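J.: coords please:
(one chain, ligands or ions: 2)
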Amino acid sequence: MTEIESRRIPVRAPRFDFNDAPEAWLDDDPVATRVVDALSLVFPEGERFFIRSVKHYARVFEDDPELAARVRGFIGQEGRHGHEHERWNKLLASRGHPVERFLAFYRALAYDRIEKATPPHLRLATTVALEHMTSTLAVIALTTPVLDGAHPAVRPLLYWHAVEEIEHRAVAWDVLAKVDPRLSTRALGFAIGTGVLGLFWARAFAMLGEASKDGRTRPRRRFGRNLRAMAPILARSMADYFRPGFHPEEKDLSALAREGLVRAGITP
Ligand SMILES: [Fe+2]
Ligand SMILES: [Fe+2]
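T.: Ligands and ions are numbered 1, 2, ... in the order given. From the prediction side, this is the model:
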């Protein structure tokens, strides 16, 4: 098997039928559901930003066929994620959630202002940090019980997204390593990425909560148990990120990804 085949990033185009998902589709808990729905609101524009950040540096990978092929896979996968999450977000809008109001605020601040004020190498470093976060969340989704209580109409979308975040987890990293391998750049990207994601994720969560009719502000007990399951994985992942010599693919996650595809109902 050639190196290109062994690290191939396949672009799949599954179509999920989640229209029958109940309003509180995660653990029958409106608060836990809003946490994940809020992340879905952030995803499509965020993934398009990742694509722009990496594409900006086409000149550094166009003469590297292995990396160029992986970048194409990454772009294809992120494009599909945005497409499916946009369908999910439209369903939320059709159910009366203030999706458009959030998106107008998010686009104006994150992309018309913050992105434009950030130099390209830091946009790429921000992307690298957020790709590290999404692949960490993917490992959490596939190795802990956090999605056990998700409605079967929604679970395949989340498992599929998780698998592909694992598959392309090193692409932006490898582009940044060619552009600017300094730890300080990675650290600054991490600060910007987590700060901006935290701000907009929290804002989306708050807006979904303000407009909800369930009146629930406290999550069910399972939520705390899930947070405790996530904490050690998040902590280890953050420590890894700043460890000299770390690479996102240093651990082989291919068996986990294959198992996730089966759980998503996709033939590996
Ligand atoms: Fe994605
Ligand atoms: Fe990604």
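J.: can you list contacts of stretch 256-263?
T.: 138-139, 141-143, 155-156, 159-160, 162-163, 166-167, 267-268 (CB atoms under 8 Å, 6 or more residues apart in numbering). All C-beta spots, glycine's among them, are computed from the backbone N, C-alpha and C.
J.: sort out for me which of those are in helices.
T.: Assigned to helices by DSSP state H, the following of the contacts of stretch 256-263 qualify: 138-139, 141-143, 155-156, 159-160, 162-163, 166-167.
J.: burial measure for Arg15, as a count.
T.: Using other CB atoms under 10 Å, Arg15 has 8 neighbouring residues.
J.: so what's it closest to, chain neighbours aside?
T.: Computed as CB to CB, 6 or more residues apart in numbering, the closest residue to Arg15 that is not its neighbour in sequence is Glu84, at 7.9 Å.
J.: thinking again about what came up before, which of the contacts of stretch 256-263 sits closest to Arg216?
T.: Top of the list for closeness to Arg216, among the contacts of stretch 256-263 and by CB to CB, is Arg155 at 22.0 Å.
J.: need the ones in helices among the contacts of stretch 256-263 in JSON lines with neighbour count, can you?
T.: What follows is the ones in helices among the contacts of stretch 256-263, written out as JSON lines (neighbours: other CB atoms under 10 Å):
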{"residue": "Ala138", "neighbour count": "24"}
{"residue": "Val139", "neighbour count": "22"}
{"residue": "Ala141", "neighbour count": "23"}
{"residue": "Leu142", "neighbour count": "22"}
{"residue": "Thr143", "neighbour count": "15"}
{"residue": "Arg155", "neighbour count": "22"}
{"residue": "Pro156", "neighbour count": "19"}
{"residue": "Tyr159", "neighbour count": "23"}
{"residue": "Trp160", "neighbour count": "23"}
{"residue": "Ala162", "neighbour count": "26"}
{"residue": "Val163", "neighbour count": "26"}
{"residue": "Ile166", "neighbour count": "23"}
{"residue": "Glu167", "neighbour count": "24"}
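J.: residues contacting the host helix or strand of Ala239, please?
T.: Per DSSP states H and E, Ala239 falls inside helix 221-241. Residues lying outside helix 221-241 but in contact with it, judged by CB under 8 Å, 6+ apart, are 27, 29, 31-32, 129, 132, 136, 139-140, 143-146, 149, 186, 190, 246.
J.: in contact with Ala138, which residues are there?
T.: Contacts of Ala138 (CB under 8 Å, 6+ apart): 161-163, 165-166, 169, 260.
J.: and Gly245, how many neighbours does it have?
T.: Gly245 has 5 neighbours, counted by other CB under 10 Å.
J.: distance of Arg87 from Phe18?
T.: 8 Å (CB to CB, to the nearest Å).
J.: return the set of buried residues in the helix or strand harbouring Val31.
T.: Assessed by DSSP H and E, Val31 sits inside helix 30-55. Judged by neighbour count (16 or more other CB atoms under 10 Å), helix 30-55 contains these buried residues: 30-47, 49-54.
J.: now the following helix or strand past that helix: average pLDDT?
T.: Using DSSP H and E, the helix or strand that follows helix 30-55 in sequence is helix 58-61. In this model, helix 58-61 has a mean pLDDT of 96.
J.: next, the buried residues of the very next helix or strand once past helix 58-61.
T.: Downstream of helix 58-61, the first helix or strand assigned by DSSP H and E is helix 65-94. Of all the residues in helix 65-94, those buried under the rule 16+ other CB under 10 Å are 67, 69-71, 73-78, 80-82, 84-86, 88-89, 91-93.
J.: same check, this time on stretch 254-267
T.: So stretch 254-267, judged by 16+ other CB under 10 Å, has buried residues 256-257, 260-261, 263-264.
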